[in-house]
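> Give me a model of this one.
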Amino acid sequence: MQKFNFFVSRFALFFQKLRYLSRQYQYFFFVYTKKKIDVDLFSYRPLISILVPVYNTQLRHLKAMLQSVEDQSYENWELILLDDASPDEKPGIYLKEESKRNSKVLYYRSEKNGGISIATRQALKYASGEYVAFLDHDDRLSKDALGTIVDALQTEKNRPEFLYSDEIFQSKTFGVFSVSAKPDFSPEKLISHNYICHFVVVAKSLIDKMGGIREGYDGSQDHEFALRASRHTNRIRRLPFFLYIWRLHGESFSRKKAEVCERSSQKAISEYYAEKNEIVERIDSGHYPFTYHALRKLKTNHSVLIVVLGAELELDILYSKIIKLTQKTSNVNFEIAIGVNETEASQVSNWKFPDNIKIHSQKSENRNLNPKTINRLVSNTKGDFIFFWNPILGTLKTDWLYELLQHGESEGIGAVSPVVTNSKRELLYSSLILGKKGFIGVSGNGLSPTKSKIWSGEWIEKNVSALSKNVLLISRIHWITIQGLDEAFSDFYWDVDLSIRLREKGLRLVSNPFSEFLHESKHDCFKEFHPGNSNTKVDRKVLIEKWGDRLTADPFYSSHLDLVGADRLPKGLFHGCFHWFWKRSWKSK
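Alright, predicted model coming up:
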């Protein structure tokens, strides 16, 4: 039996490795995500101070880290190693020798152990570079990490002050087994989860303006630092290259001190909102470890206009769904806007609602309202917020509206949307994704909280590029700012246009999985985004002619991830093979 169990475990390990190989992390991410850089052409060559707190690090990890720094193609750096009073003397002895061998390697030792925040702050005192980089003592940098950073600093106008990159996860057992392909700067996602993590390089002037590195956040000091930095600069840039190799092993700090990490992050999140004058009532854990969900006090009571879209339901069923939707809220005045034909108008006029609900009907050929009709309906109503709703979607939570309003009333947020799931609680929609040649994808297909991984970006509050009209909340103030809907569209894609125009005004879009709707019909309300849908051709042409290049890439969906299926999986083996053949074919022409 013992031999049987041994072979079973070996077979399981073999197939696990085969799965990782099939995704082709080890090949694809090192070959196709590098940027060709000639460091000799740089006109701006800042000194970069690399801070590395050290504590009882295994020598093999320490040597690998040091070697990765010394191998950098960009050579204007200094490595500041701060030994936080390690009981094990071997790391200190080794680093002392290395500092004698290489003048760019600076070694210091604290008299007493203070923790990672204090050690990093102490190391910062010795930094003389214009930019400061943060590196863990058992991780590594790719060869062109610093060169890629400095390449991004060559522009003098609006030179980035805070830079971060994608990263690779490595373990002893599987080698490179996963990645974090990150979005452009996403404030709401950063609050929910420290997706930035590594590799981070920051202007020394920004660190000084921020007040340096704070104590009391051990385990989540990088989360606190990133949140605070985002309040002091908007010159934040993500580099879409895998510059950092995060070594995961049994001694990794975050796996030992989970509770300490979570308390530190929750403290940092509360302070972040306090600086924005927003009151946090409590912070819950998110769907994954080290993710968070802040519940804030609403600034005031709101009135909401619900614009009913879609004509699939019988009026009696629609009436009951409106009652169900509005019953699950409190202290809110509702206006319901609906398009009806002549035969439906009398039936709708007989609907009975509580005193906090008022019905507005607009004569229309069908209930599938077009932008012109919607603009007229909105102008004749008074709700502080406008909620577009397809009634084949039913809410699953009593606090669905609160979850939307706490984002909707927040400064800088243009629109917010819940997620849509099926009966198995698999995601049907969390946002829309922009791609090449006007491709619009639906993000989150089939991912449940148990199936998806934290790095998928799903089931986390996050910023997105576009939201679907089927469930979308926008404030009337922002509606007026963008002057309503563009009436050049008929039935489709006006929600994508609305989303882009909000972003053009500097406003953010948010997807909130803590407001969840259930798809309750055989009709697919996202079918307009299916490839080859002939009904959308006219509106799709209008969208492409209007926005052109704005539709070719999605800043919140990494180019390293598959667009097909929009499930946030890295491009794998077949993509790598086809890409290789494509490059050979292109070069031969």
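> Neighbours of Leu309, how many?
Taking other C-beta atoms under 10 Å as the neighbour definition, Leu309 ends up with a count of 25. To be clear about C-beta, it is placed using only N, CA and C from the backbone, and glycine gets the same treatment.
> Show the low-confidence segments of this protein, by residue range.
With pLDDT under 70 as the threshold, the chain has low-confidence stretches at 1-34, 172-177, 249-256, 328, 330, 436-437, 445, 452-455, 562-589.
> domains for it, by residue range?
Structural domains annotated on the chain: 42-249, 303-551, as defined by automatic domain parsing.
> Compare these and give me the one nearest Ala294.
With distances scored as C-beta to C-beta, the stretch of these nearest to Ala294 is domain 42-249 (6.6 Å).
> would you turn the domains of the chain into JSON lines with distance to Arg296?
As requested, the domains of the chain are arranged in JSON lines below (distance: least, C-beta to C-beta, whole Å):
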{"stretch": "domain 42-249", "distance to Arg296": "11"}
{"stretch": "domain 303-551", "distance to Arg296": "5"}
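> For Ser559, which of these is the nearest?
With C-beta to C-beta as the measure, domain 42-249 is the member of these nearest Ser559 (6.3 Å).
> So which bits of stretch 496-513 are buried?
Along stretch 496-513, the positions that meet the burial threshold by neighbour count (16 or more other C-beta atoms under 10 Å) are 496-503, 507-513.
> Going by distance to Pro555, which of these wins?
Sorting the buried residues of stretch 496-513 by distance to Pro555 puts Arg503 at the head of the list, at 9.1 Å, by C-beta to C-beta.
> burial of Lys276, as a residue count?
Each residue near Lys276 was counted by other C-beta under 10 Å, and the total is 12.
> OK, contacts around it?
Under the criterion of C-beta atoms under 8 Å, 6 or more residues apart in numbering, the neighbours of Lys276 are 410-411.
> would you list every one of the helices in the stretch 401-550 of the chain?
Residue ranges of the helices in the stretch 401-550 of the chain, as given by DSSP state H, counting those that start in this stretch, are 476-481, 494-504, 537-547.
> And the stretch 101-250 of the chain, by the same measure?
With helices called from DSSP H, counting those that start in this stretch, the stretch 101-250 of the chain shows them at 116-125, 145-152, 187-192, 204-210, 221-230.
> Relative to Leu369, which of the ones you listed is closest?
Between Leu369 and the helices of the stretch 101-250 of the chain, the shortest gap by C-beta to C-beta is with helix 187-192, which sits at 29.3 Å.
> can you give me the offset of the closest one from its chain's centre?
On the basis of C-alpha atoms, centre = their mean, to the nearest Å, helix 187-192 is displaced by 7 Å from the centre of the chain it belongs to.
> what's it packed up against?
Counting by 3 or more C-beta pairs under 8 Å, 6 or more residues apart in numbering; DSSP states H and E, the packing neighbours recorded for helix 187-192 are helix 221-230, strand 292-296, strand 462-464, strand 508-519.
> rerun that using 6 Å as the cut-off
Here helix 187-192 touches strand 462-464, going by 3 or more C-beta pairs under 6 Å, 6 or more residues apart in numbering; DSSP states H and E.
> Any chance you could list what contacts the strand it packs on?
Judged by C-beta atoms under 6 Å, 6 or more residues apart in numbering, the contacts made with strand 462-464 from elsewhere in the structure are 186, 188-189, 431, 508-509, 511, 556.
> likewise stretch 197-204?
Defining contact as C-beta under 6 Å, 6+ apart, one finds that stretch 197-204 is touched by 130-134, 149, 161-165, 167, 243-244, 246.
> One more: stretch 539-550?
Applying C-beta under 6 Å, 6+ apart, the external contacts of stretch 539-550 come out as 438, 488-490, 492-493, 500.
> how about a cut-off of 8 Å?
Counting contacts by C-beta under 8 Å, 6+ apart, the residues touching stretch 539-550 from outside are 434, 438, 486, 488-494, 496-497, 500, 551.
> buried residues in it?
Going by neighbour count (16+ other C-beta under 10 Å), the buried part of stretch 539-550 is 539-540, 542-543, 546-547.
> centre of the chain versus it, how much separation?
25 Å.
> Stretch 428-442 too?
Averaging C-alpha positions (C-alpha atoms, centre = their mean) puts stretch 428-442 15 Å from its chain's average.
> before we move on, what about stretch 485-497?
In terms of C-alpha atoms, centre = their mean, the centre of stretch 485-497 is set 26 Å apart from its chain centre.
> Can you give me the first-to-last residue distance of it?
Start to finish, the residues bounding stretch 485-497 are 8 Å apart (C-alpha to C-alpha, to the nearest Å).
> cool, and stretch 202-219?
The distance separating the two terminal residues of stretch 202-219, taken as C-alpha to C-alpha, comes to 19 Å.
> And it, what's buried?
Of the residues in stretch 202-219, those buried by neighbour count under the rule 16+ other C-beta under 10 Å are 202-204, 206-207, 210, 213-214, 217-219.
> swap in stretch 293-304?
Neighbour counts over stretch 293-304 (16+ other C-beta under 10 Å) mark 293-294, 296, 302-304 as buried.
> any chance of those residues in JSON lines, plus distance to Leu561?
Conversion of the buried residues of stretch 293-304 to JSON lines gives the following (distance: C-beta to C-beta, whole Å):
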{"residue": "His293", "distance to Leu561": "24"}
{"residue": "Ala294", "distance to Leu561": "27"}
{"residue": "Arg296", "distance to Leu561": "31"}
{"residue": "His302", "distance to Leu561": "36"}
{"residue": "Ser303", "distance to Leu561": "40"}
{"residue": "Val304", "distance to Leu561": "35"}
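> of those, closest to Asn341?
Out of the buried residues of stretch 293-304, the member with the shortest distance to Asn341 (by C-beta to C-beta) is Val304, at 25.5 Å.
> For that closest one, identify the helix or strand it belongs to.
For Val304, the host element (DSSP states H and E) is strand 303-308.
> hang on, the earlier thing: which one of the contacts of stretch 197-204 is nearest to Lys321?
Tyr164 (43.9 Å).
> in its sheet, what does the strand holding Val304 sit against?
The pairing partners recorded for strand 303-308 under DSSP bridges are strand 333-340 (parallel), strand 385-389 (parallel).
> got the contact list for the last one?
Here strand 385-389 makes contact (C-beta under 8 Å, 6+ apart) with 302-309, 325, 378, 401, 404-405, 408, 469-476, 479, 495.
> Any chance of a PyMOL selection covering the buried ones in those?
With 16+ other C-beta under 10 Å as the burial test, the buried ones among those are selected in PyMOL as follows:
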select buried, resi 302+303+304+305+306+307+308+309+325+378+401+404+405+408+469+470+471+472+473+474+475+476+479+495
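> separation between the closest residue to Glu224 other than its chain neighbours and Leu305?
Using C-beta to C-beta, 6 or more residues apart in numbering and skipping the chain neighbours, the partner closest in space to Glu224 is Ala268 (3.7 Å). Between Ala268 and Leu305 the distance, using C-beta to C-beta, to the nearest Å, works out to 36 Å.
> Ile544 now?
Summarising the geometry, the distance separating Ile544 from Leu305, computed by C-beta to C-beta, is 31 Å.
> Repeat that for Val179.
When C-beta to C-beta is applied, the distance between Val179 and Leu305 equals 43 Å.
> Thanks a lot, see you next time.
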